[in-house]
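1. Following is a predicted model, sequence given first.
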Amino acid sequence: MALRYLKKAPKTAATDAGETRRIVQKILDDIEQGGDEAARKYALELDKYDGDIVLTRDEIEAASAQVPQLLQDDIRFAHDNVQRFARAQRDSLRDFSVELIPGLTTGQRAIPCRSVGCYVPGGRYSHVASAIMTVTTAKVAGCQNITACSPPRPGVGINPAIIFTADLCGADRILSLGGVQGIAAMAYGLFGSAPADILVGPGNQFVAEAKRILFGRVGIDMFAGPTDSLILADAGADPMLVAADLVGQAEHGYNSPVWLLTDDQALANKVLALVPRLIADLPEVNRLNADAAWRDYAEVILCADREEMAAASDDYAPEHLTVQAADPDWWLNRLQCYGSLFLGEETTVAFGDKASGPNHVLPTSGAARYTGGLSVHKYMKLVTWQRATREGARPIAEATARISRLEGMEGHARTADIRLKKYFPGTSFDLDVIK
Ligand SMILES: NC(=O)c1ccc[n+]([C@@H]2O[C@H](COP(=O)([O-])OP(=O)(O)OC[C@H]3O[C@@H](n4cnc5c(N)ncnc54)[C@H](O)[C@@H]3O)[C@@H](O)[C@H]2O)c1
Ligand SMILES: N[C@H](CO)Cc1c[nH]c[nH+]1
């Protein structure tokens, strides 16, 4: 059966992409040319901030002292879970060596990037948890030089809880800069910092686009822009929980899509009725964000059965995927495209967002078709090495010479010839089979 849209979105992640690209390219060009001063100019223009950019130790300590003890304890709890999950990831990756043929030894090493730039979003909300996710994971990977940046609040600076968290998790330097100017400062090595080898972290469409444009010159974790979330629910799901989870994620921003796929029309109708009521009950900023996201980006789709739900979900490739349906193992085995999966009503995206352990920096806008979220592995380069004895080199050199000549690469072939001649003088080899 064809999917039946009970609610269809007039907008998608591609809406306004061209305009975003133009704005971001201009800011990046200006800052590349104008350095620290240009970055300061954008901080003033976009975030109404003209204070110090690099936080001193005294400022970090003063900010940390403002964070209530109970919140500090919660942040430590979340940090501990994220750290332990990241360590398990690191342990799943190992250096190895293998003798492929007698005398030829090859190997793999995982080497952490030297210099990391972590973006911690802070425009609409103060994303303390993003500091945990990015900085902790870089630290566990073994990165030595970790810079974090986050938008300053007008005239005041970064939220003290973000400062406390970035410091706790191991940031070596904290910059009061948000948006494209923060990304540019870390990429270009402004304000005395080392240029980043890799930029990580989530952010709005400007931040995500800046990372995308800079990719190649620096590494990036992935495209992690405006949050999107999909719920798969069957007749057994609790409509109130489904509606609350949709609204909870729509509050991210006016451009945060939420989608519901179900094979039960009665459930869909109940959720459609509940969502506007739950949105109306939110505080003002959250309500405005969720209302616009629901109106412009949300979709509710009726499917024939769970197989059709799973196939459609893989096409969306959502950042967050929640299953509130029977037989969680069936879904776990069947689903293929998502950033992070939440199975059963006893867990929810917000748990992963804040405290449960798996990283919350996740691919958006369909990027989950080709990548997972932030992990220790994103900070590590999997490099290879090889060495050989002269006997081990012999068959490799013979094959190399012949393949190189077939390809027309005579210079390559001669690097093999010269070794064979040196190591096996007086032996004749048939290295010129392409006559
Ligand atoms: N994918 C993920 O893993 C993930 C995780 C957490 C948050 N997020 C997303 O992060 C985003 C946070 O967005 P935010 O805006 O609240 O904070 P943000 O920190 O990403 O962006 C704020 C910055 O945007 C810049 N900016 C604002 N308007 C601009 C304009 N017109 N032109 C140029 N720059 C401009 C400002 O300089 C400001 O510092 C949300 O979209 C949320 O969904 C994604
Ligand atoms: N859902 C976001 C990841 O896309 C992360 C987050 C933290 N807090 C709220 N949301």
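-> In hand now; what should we look at? Numbering: from 1, shown residues only. Ligands and ions are numbered 1, 2, ... in the order given.

2. neighbouring strands for the lowest-mean-pLDDT helix or strand in the chain, and are they parallel or not?
-> When each helix and strand of the chain is scored by mean pLDDT, DSSP states H and E, strand 4-7 comes last, with a mean of 95. Sheet pairing for strand 4-7, assigned by DSSP bridges, gives strand 299-302 (antiparallel).

3. Not counting sequence-adjacent ones, nearest residue to Asn269?
-> Nearest-residue entry for Asn269: Leu6, 7.8 Å, with adjacent residues in sequence omitted and distances by Cβ to Cβ, 6 or more residues apart in numbering. For every residue, glycine as well, the C-beta is placed using N, CA and C.

4. Look up how far ligand 2 lies from Leu260.
-> 17 Å (Cβ to the nearest ligand atom, to the nearest Å).

5. which residues touch that residue?
-> Leu230, Ile231, Ala233, Val242, Leu246, Ala268, Val271, Glu299, Val300, Ile301 (Cβ atoms under 8 Å, 6 or more residues apart in numbering).

6. ok, now Ala38?
-> By Cβ under 8 Å, 6+ apart, the neighbours of Ala38 are Asp30, Ile31.

7. quick one on the thing from earlier: could you point out which element follows the least confident helix or strand of the chain?
-> Going down the chain from strand 4-7, the next helix or strand is helix 17-47, by DSSP states H and E.

8. give me the residue from the stretch 1-150 of the chain nearest ligand 1.
-> Distance from ligand 1 to each residue of the stretch 1-150 of the chain (Cβ to the nearest ligand atom) is smallest for Gly123, at 2.7 Å.

9. pretty sure that residue is in contact with Gly178, am I right?
-> Yes: look at Gly123 against Gly178 with Cβ atoms under 8 Å: they come within range, at 6.6 Å.

10. what is in contact with the two at once?
-> By Cβ under 8 Å, 6+ apart, the residues touching both Gly123 and Gly178 are Pro151.

11. more neighbours, those two?
-> Gly178 (28 against 18; other Cβ atoms under 10 Å).

12. Report the separation between the more buried one and ligand 1.
-> Gly178 is 2 Å from ligand 1, by Cβ to the nearest ligand atom.

13. Look up phi and psi at that residue.
-> The phi/psi pair for Gly178 (degrees, to the nearest 10) reads phi -120, psi -180.

14. Next, the contact list for the residue nearest to Ala110 when sequence neighbours are not counted, please.
-> Nearest residue to Ala110, sequence neighbours excluded (Cβ to Cβ, 6+ apart): Met380, at 4.5 Å. Residues in contact with Met380 (Cβ under 8 Å, 6+ apart) are Leu93, Ala110, Ile111, Pro112, Cys113, Ala141, Gly142.

15. ditto for Cys113
-> With Cβ under 8 Å, 6+ apart, Cys113 has these contacts: Ala141, Cys143, Asp197, Ile198, Gly219, Tyr379, Met380, Lys381.

16. Quick check: closest non-adjacent residue to it.
-> Cys113's closest residue in space is Asp197 (Cβ to Cβ, 6+ apart), at 4.3 Å.

17. chain center to stretch 386-400: distance?
-> 41 Å (Cα atoms, centre = their mean, to the nearest Å).

18. What lies in contact with that stretch?
-> Residues external to stretch 386-400 that are found in contact with it (Cβ under 8 Å, 6+ apart): 101-107, 412-413, 415-417, 419-420, 423-424, 429, 431.

19. Could you export it as CSV, keeping only the C-alpha atoms?
-> In CSV, the C-alpha atoms belonging to stretch 386-400 read as follows (Å, rounded to 0.1, in the frame of the first residue of the first chain):
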residue,chain,number,x,y,z
GLN,A,386,53.9,-2.5,6.5
ARG,A,387,57.5,-3.9,6.6
ALA,A,388,59.1,-6.8,4.8
THR,A,389,62.1,-9.0,4.8
ARG,A,390,64.0,-9.3,1.5
GLU,A,391,62.4,-12.7,0.8
GLY,A,392,59.0,-11.2,1.7
ALA,A,393,59.5,-8.3,-0.7
ARG,A,394,60.3,-10.6,-3.6
PRO,A,395,56.8,-11.7,-4.7
ILE,A,396,55.4,-8.3,-4.0
ALA,A,397,58.1,-6.6,-6.1
GLU,A,398,57.5,-9.0,-9.0
ALA,A,399,53.7,-8.4,-9.0
THR,A,400,54.2,-4.7,-8.5
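
20. in it, what's buried?
-> By neighbour count on 16 or more other Cβ atoms under 10 Å, the buried set for stretch 386-400 is Ala388, Gly392, Ala393, Arg394, Ile396, Ala397, Glu398, Thr400.

21. Same list, the residues you listed, but as JSON lines with pLDDT and secondary structure please.
-> Formatted as JSON lines, these follow (pLDDT from 0 to 100; DSSP: H, G, I helix; E, B strand; the rest coil):
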{"residue": "Ala388", "pLDDT": "98", "secondary structure": "strand"}
{"residue": "Gly392", "pLDDT": "98", "secondary structure": "helix"}
{"residue": "Ala393", "pLDDT": "98", "secondary structure": "helix"}
{"residue": "Arg394", "pLDDT": "98", "secondary structure": "helix"}
{"residue": "Ile396", "pLDDT": "98", "secondary structure": "helix"}
{"residue": "Ala397", "pLDDT": "98", "secondary structure": "helix"}
{"residue": "Glu398", "pLDDT": "98", "secondary structure": "helix"}
{"residue": "Thr400", "pLDDT": "98", "secondary structure": "helix"}
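
22. sorry, back to before: could I have the buried ones of the contacts of Cys113 as PyMOL selection syntax?
-> The following PyMOL line selects those of those that are buried, judged by 16+ other Cβ under 10 Å:
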select buried, resi 141+143+197+198+219+379+380
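
23. Please narrow the contacts of Cys113 to those residing in strands.
-> Among the contacts of Cys113, the members found in strands (DSSP state E) are Ile198, Gly219, Met380, Lys381.

24. Which two among these are spaced furthest apart?
-> Gly219 and Met380 (10.7 Å; Cβ to Cβ).

25. do you know how far the residue nearest to Arg369 when sequence neighbours are not counted is from ligand 2?
-> Nearest residue to Arg369, sequence neighbours excluded (Cβ to Cβ, 6+ apart): Ala317, at 4.5 Å. Separation of Ala317 from ligand 2 (Cβ to the nearest ligand atom) stands at 14 Å.
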